[in-house]
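> Below: sequence and its predicted model.
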Amino acid sequence: MTERLASDPRIDGVDEIYAEIIDAHRGLDTEGSLRFNARLILLLINQIGDEATVREAIRAAREAETAG
């Protein structure tokens, strides 16, 4: 992994944001929850605006998932 991905906390209120994401899932079935996650991810990818960074994040997330 390169230096492109930030690993230090870059925003305040992470716990509150996490709670808001969890709350946004309330009342959604599994399929709706997956669609919500996909829309949120695509919106955030657009905000990042750098294809190489997004691809690096995808690889890092996948490696973390398969390492365990």
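Perfect, I can see it now.
> now for whichever strand or helix holds Thr53, which elements pack on it?
In the assignment (DSSP states H and E), Thr53 maps to helix 51-67. Here helix 51-67 touches helix 30-48, going by 3 or more Cβ pairs under 8 Å, 6 or more residues apart in numbering; DSSP states H and E. For glycine as for every other residue, the C-beta is placed from the backbone atoms N, C-alpha and C.
> ok so, going back, for the helix holding Thr53, which positions count as buried?
54, 56-57 (16 or more other Cβ atoms under 10 Å).
> And the residues you listed, which is closest to Leu43?
Taking Cβ to Cβ as the measure, Leu43 lies nearest Val54 of the buried residues of helix 51-67, at 12.4 Å.
> Between the buried residues of helix 51-67, which sits nearest Pro9?
Ala57 (16.1 Å).
> Which residue, neighbours along the chain excluded, lies closest to the closest one?
Closest residue to Ala57 apart from its sequence neighbours, by Cβ to Cβ, 6 or more residues apart in numbering: Leu5 at 6.0 Å.
> check contacts around the one you found.
53, 56-57, 60 (Cβ atoms under 8 Å, 6 or more residues apart in numbering).
> Return the alpha-carbon coordinates of stretch 54-63 using PDB.
Below are the C-alpha coordinates for stretch 54-63, written out as PDB (Å, rounded to 0.1, in the frame of the first residue of the first chain):
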ATOM      1  CA  VAL A  54     -10.300   4.500  -4.700                       C
ATOM      2  CA  ARG A  55      -8.700   1.400  -6.200                       C
ATOM      3  CA  GLU A  56      -6.100   1.300  -3.500                       C
ATOM      4  CA  ALA A  57      -8.800   1.500  -0.900                       C
ATOM      5  CA  ILE A  58     -10.700  -1.400  -2.600                       C
ATOM      6  CA  ARG A  59      -7.500  -3.500  -2.500                       C
ATOM      7  CA  ALA A  60      -6.800  -2.600   1.100                       C
ATOM      8  CA  ALA A  61     -10.400  -3.500   2.200                       C
ATOM      9  CA  ARG A  62     -10.200  -6.800   0.400                       C
ATOM     10  CA  GLU A  63      -6.800  -7.700   1.800                       C
END
